[in-house]
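A.B. asks: For reference, the sequence and a predicted model appear below.
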Amino acid sequence: MTLGTPRARSRPQADPDSDLLARVRAGEELAFVELVARHRGTMLRLARLHVASTAVAEEVVQDTWVAVLRGLPGFEGRSTFRTWLLQILLNRARSTGVREHRSIAVGDARPAVDPARFDANGAWSTPPRHWEEEIGERLDARALASQLRSGLDGLPERQREVVMLRDVDGLSSHEVCSALDISEANQRVLLHRGRSRLRAALEAEVGTP
Amino acid sequence: MSPLLSRKPLMCQEVVELVTDYLEDALPRRRRRRFDAHLAGCEHCTEYLRQMRETIRLTGTLTDEDLTPEMREEFGELFRKMRAEEER
């Protein structure tokens, strides 16, 4: 260790799960069920990346909660609860996993925006129409959610995985890269294509220019 | 890249492909400056960037389905079982 260089120490972060955790530790069953509900989607999605079926992913999630309850007395909060939880989940999913290693399909090289919307110099000829307020007015929350969901469903698998984990589950790029075993650069390419297509889907719903 | 090339202004069609790297703070400093310079003079790309941000925000409002009553019961039972094990 070098003198004078302060050791990198992560700032204590507010853990959004700490209230529920305290109640779980106090033996409150409902708090545990809430905790399960809160993380279920993310856990299933992550597990599903490594195992052959949704049924197996469900088992991995279940096993993870058993391990979490056993390990909880030793959990000191050095990371957030979710980071700890997802680590346990991923270890289990990986050791259970029989899913063949899929190559990263960065192959879908569609541009973010239809090239016909630019002139020969690459400047907008059909620019995006302003939607900021419009989108809230034209689409009620439910229509919007269903549009986004079908947009997500229509994405190639890897793009969907990355967009879901980043933008729905709120994982960091680092977490997503390690969960998927891909590089930061690949992750960005997948994220870019996925998000670009979702934007286009919303634009189509709001009304093409 | 030659200095001459790197001074060429970015075109809109390039900008829309760099948006994610921009938002992820993954653009090299010089490229980021050129990106910012383009935005400053292009309302359409500014709108495009706003729409990408809005898309991300809206995607973040999606929520998973809640647990079914059966699942709630199942996990409740798991919790009780584990507690009982501990106390033994």
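C.D. replies: Right, received. Where do you want to start? Numbers count the residues shown, from 1 in each chain, chains lettered A, B, ... in the order given.
A.B. asks: what's the spacing between A:D167 and A:V36?
C.D. replies: Look at A:D167 and A:V36: by Cβ to Cβ, to the nearest Å, they are 23 Å apart. Backbone N, C-alpha and C define where each C-beta goes, glycine included.
A.B. asks: where does chain B dip in pLDDT?
C.D. replies: B:1-7 (pLDDT under 70).
A.B. asks: Of all residues in it, which one is nearest the centre?
C.D. replies: B:I56 (5.5 Å; Cα atoms, centre = their mean).
A.B. asks: Would you check how far apart the closest residue to that residue other than its chain neighbours and A:L180 are?
C.D. replies: Excluding its sequence neighbours, the residue lying closest to B:I56 (Cβ to Cβ, 6 or more residues apart in numbering or on different chains) is A:D167, at 5.4 Å. For A:D167, the distance to A:L180 equals 15 Å [Cβ to Cβ].
A.B. asks: Over to B:M71?
C.D. replies: Applying Cβ to Cβ to B:M71 and A:L180 gives a distance of 27 Å.
A.B. asks: Which one's more surrounded, those two?
C.D. replies: A:L180 (20 against 15; other Cβ atoms under 10 Å in any protein chain shown).
A.B. asks: so who does that one touch?
C.D. replies: A:L49, A:R158, A:E161, A:V162, A:L165, A:Q187 (Cβ atoms under 8 Å, 6 or more residues apart in numbering or on different chains).
A.B. asks: Tell me, how many residues neighbour the last one?
C.D. replies: Read that as A:Q187. 23.
A.B. asks: repeat for the second one
C.D. replies: Here the neighbour count serves as a burial measure; for A:R158 (other Cβ under 10 Å) it reads 24.
A.B. asks: SS state for it?
C.D. replies: helix (DSSP: H, G, I helix; E, B strand; the rest coil).
A.B. asks: So it sits against A:V189, correct?
C.D. replies: No: in this structure, A:R158 is not within contact of A:V189 by Cβ atoms under 8 Å, at 9.6 Å.
A.B. asks: returning to what we had before: of the contacts of A:L180, which belong to helices?
C.D. replies: A:R158, A:E161, A:V162, A:Q187 (DSSP state H).
A.B. asks: Tabulate these in CSV, adding columns for distance to A:S173.
C.D. replies: Formatted as CSV, these follow (distance: Cβ to Cβ, whole Å):
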residue, distance to A:S173
A:R158, 15
A:E161, 13
A:V162, 9
A:Q187, 6
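A.B. asks: near chain B, which of those residues show up?
C.D. replies: Taking Cβ under 8 Å from any Cβ of the partner chain as the test, chain B is in contact with none of the ones in helices among the contacts of A:L180.
A.B. asks: so who does A:V24 touch?
C.D. replies: With Cβ under 8 Å, 6+ apart, A:V24 has these contacts: A:A31, A:F32, A:L35, A:L72.
A.B. asks: in which helix or strand would I find residue 85?
C.D. replies: All of this refers to chain A. Assigned by DSSP states H and E, A:L85 belongs to helix A:81-96.
A.B. asks: hmm, I had chain B in mind actually
C.D. replies: helix B:69-87.
A.B. asks: is any part of that helix close to chain A?
C.D. replies: Yes: with Cβ under 8 Å from any Cβ as the criterion, chain A is reached by helix B:69-87 at B:M71, B:R72, B:F75, B:G76, B:L78, B:F79, B:R80, B:M82, B:R83.
A.B. asks: List the contacts of the first one.
C.D. replies: If a contact means Cβ under 8 Å, 6+ apart, then B:M71 has A:V36 as its contacts.
A.B. asks: any idea how far it is from B:E77?
C.D. replies: B:M71 is 11 Å from B:E77, by Cβ to Cβ.
A.B. asks: and residue 29, how many neighbours?
C.D. replies: In the absence of a named chain, this looks at chain A. Other residues close to A:E29 by other Cβ under 10 Å number 17.
A.B. asks: could you do chain B instead?
C.D. replies: 7.
A.B. asks: Over to the one 4 residues further on?
C.D. replies: For B:R33, the tally of surrounding residues (other Cβ under 10 Å) stands at 11.
A.B. asks: The helix or strand hosting it: how far from the chain's middle?
C.D. replies: Per DSSP H and E, B:R33 falls inside helix B:29-41. Centroid separation for helix B:29-41 versus its chain: 20 Å, with Cα atoms, centre = their mean, to the nearest Å.
A.B. asks: and the angle from the next helix or strand after that helix to helix B:29-41?
C.D. replies: Using DSSP H and E, the helix or strand that follows helix B:29-41 in sequence is helix B:43-59. With axes from the mean of the first three to the mean of the last three Cα atoms, to 10 degrees applied, the angle from helix B:43-59 to helix B:29-41 works out at 100 degrees.
A.B. asks: I'm done for today, thanks for sticking with me.
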